[in-house]
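Novice: coords below, sequence missing:
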């Protein structure tokens, strides 16, 4: 019944009854990733870039080796334009803060979509407030896609940034990156893509993607928590000011001013998270071993199956476009059962789903619901997870339909 | 489904379906809003507070069965009570849902429908759902006291 890949993931292998359907929040980690992290600490741990001794040189090599491996995974040929961050949130804050404060002025417009995760919404909102600029929220179609026609009408000569997600975390909608980027380019705006839900599931070819910035998180793609990155265009990264100041990122420090190190160091102040970078490189190796086309096909099959079977249950509504146009996410509601209650019932059956606003309150307002239930799949998910999900939803309906007492 | 039925006792399911004192309160003297930032649930509690205590109370908002039923049962329990009595009720309720209080049958009877929340203690994630209406009520009373 279980997919053989499940055996690669120690936590899942240990608990055969667990139906983990919250991979859009964070993925599990294959043994190869855990081993790589341990191996770094056991064999090559030292502060990179600093020590004039062999061990430090090895740590430096492991760190840059990891950068190269991850760059290859994301189709980035200019490796030093891949900056490590704690994850997507920090990467997007980096752009909004460092680039934004240098280039956004009063009356400028920043366009985001109504699908965005708070991490690609609030930094822009706050930038707009700080610079007396205007945040414009691009509307959605009735099935929660970016309304490309409306976006085309929205942008104009004052538009400086168009920021959008590659894939919606709340609904799973895969956005037409090229179309959106072309619209942004037509008015000379910076193109920022939140790839937190893209990089784990779709082949990303940054060089061919025509976006200026692409942000991603390691922990959603089989890597460890606390590592992710930002890929940017060299000319933009070199022209913009640094994000944080400290060790590693400087060239010369005078009493009254400083100059900056070259890429990628300019944007990596402080001791870097080498072990987790090494772990993330191992995750890329693992995913490439499966093949991203297979990853997506596997998820889509489960997403379609789950969507079809859930929709057969009376009172279930699945949000978003058809499953073939989504990644591995099924966002749904059940009449008269609050998602939070549903999640508790499912949890009792070993089915882990997310219930809530998914850090996408602007989207929830537009859907007209306070929250949804969300099941999300990944490489280790299988049909038995769908069975367990559907069975538990039916059980929840029975529980909540229990005959009423008179009160 | 033993644990689930402990949590979703029929009293709770009934109050969720048909909450008491739901809706805006005309002539409210104080009010407060509570939110659970994790799930986006929100509740608004409105009160008429007089010399003797809570003369009337109603609530609005969206939430899960646990928070709705808790708000419904709370509004019934606190109506006509003094501030001091309400504070005592809150303390007992909070001890109940966090598992610090395991009421004897007589004590449970004295707590009335509030005793239906004893199963919440087995679901630590849901303690906030049950206690949010109470925290909101206390916030409204504090605001009333400070004006």
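Specialist: That came through fine. Source: prediction; values computed, not measured. Numbering: from 1, shown residues only, chains lettered A, B, ... in the order given.
Novice: ok, and the closest non-adjacent residue to residue A:320?
Specialist: residue A:171 (3.9 Å; CB to CB, 6 or more residues apart in numbering or on different chains). (C-beta placed from N, C-alpha, C; glycine too.)
Novice: so that neighbour is in contact with residue A:327, correct?
Specialist: No - here residue A:171 lies out of contact with residue A:327, judged by CB atoms under 8 Å, at a distance of 9.6 Å.
Novice: what sits against the residue nearest to residue A:320?
Specialist: Taking CB atoms under 8 Å, 6 or more residues apart in numbering or on different chains as the contact definition, residue A:171 lies against A:115, A:144, A:319-320, A:326, A:329, A:331, A:363.
Novice: 10 Å - rerun?
Specialist: A:115, A:140, A:143-145, A:318-321, A:326-327, A:329-331, A:358, A:360, A:363, A:367, A:372, A:374 (CB atoms under 10 Å, 6 or more residues apart in numbering or on different chains).
Novice: what do you get for residue B:74?
Specialist: Residue B:74 makes contact with B:15, B:20-21, B:45, B:57, B:59, B:86, B:89-90, B:93, B:113-114, B:130-131, B:133-134, B:136-137, according to CB under 10 Å, 6+ apart.
Novice: ok, which of these also contact chain A?
Specialist: Counting by CB under 10 Å from any CB of the partner chain, B:15, B:20, B:113 from those sit close to chain A.
Novice: can you pick the most crowded of these?
Specialist: Using other CB atoms under 10 Å in any protein chain shown as the neighbour definition, these reach their maximum at residue B:15, which records 25 neighbours.
Novice: number of nearby residues for residue 46?
Specialist: By default, I'm working from chain A. For residue A:46, the tally of surrounding residues (other CB under 10 Å) stands at 16.
Novice: actually it's chain B I care about, not the one you picked
Specialist: Per other CB under 10 Å, the neighbour tally for residue B:46 reads 23.
Novice: beta partners for it?
Specialist: residue B:31, residue B:58 (DSSP bridges).
Novice: helices along chain B, start to end?
Specialist: Taking DSSP state H as the criterion, chain B carries its helices at B:2-7, B:10-17, B:65-78, B:83-97, B:105-111, B:127-146.
Novice: picking that back up, which of the ones next to chain A among the contacts of residue B:74 lies closest to chain A?
Specialist: Distance to chain A across the ones next to chain A among the contacts of residue B:74 (CB to the nearest CB) is lowest for residue B:15, with 6.7 Å.
Novice: tell me who's in contact with the closest one.
Specialist: If a contact means CB under 10 Å, 6+ apart, then residue B:15 has A:407, B:9, B:22, B:65-66, B:68-74, B:76, B:113, B:116 as its contacts.
Novice: quick check on residue A:331: phi, psi?
Specialist: When quoted as degrees, to the nearest 10, the phi and psi of residue A:331 stand at phi -100, psi 130.
Novice: and the residue of the stretch 51-200 of chain A closest to chain B?
Specialist: residue A:118 (10.9 Å).
Novice: surely that residue meets residue A:126?
Specialist: No - contact criterion CB atoms under 10 Å: residue A:118 and residue A:126 do not qualify, at 11.1 Å.
Novice: burial measure for residue B:87, as a count.
Specialist: Residues contacting residue B:87 under the criterion other CB under 10 Å number 13.
Novice: now do residue B:57
Specialist: Counted with other CB under 10 Å, the burial measure for residue B:57 works out to 26 neighbours.
Novice: can you check residue A:232 too?
Specialist: Counted with other CB under 10 Å, the burial measure for residue A:232 works out to 29 neighbours.
Novice: can you give me the pLDDT of the spatially closest residue to residue A:375 that is not a sequence neighbour?
Specialist: Closest residue to residue A:375 in three dimensions, ignoring its sequence neighbours and counting by CB to CB, 6+ apart: residue A:21, at 4.1 Å. For residue A:21, the model assigns a pLDDT of 98.
Novice: what's near enough to touch residue A:21?
Specialist: Residues in contact with residue A:21, defined by CB under 10 Å, 6+ apart, are A:302, A:306, A:328-330, A:346, A:351-354, A:373-378, A:381, A:385-386, A:388-389.
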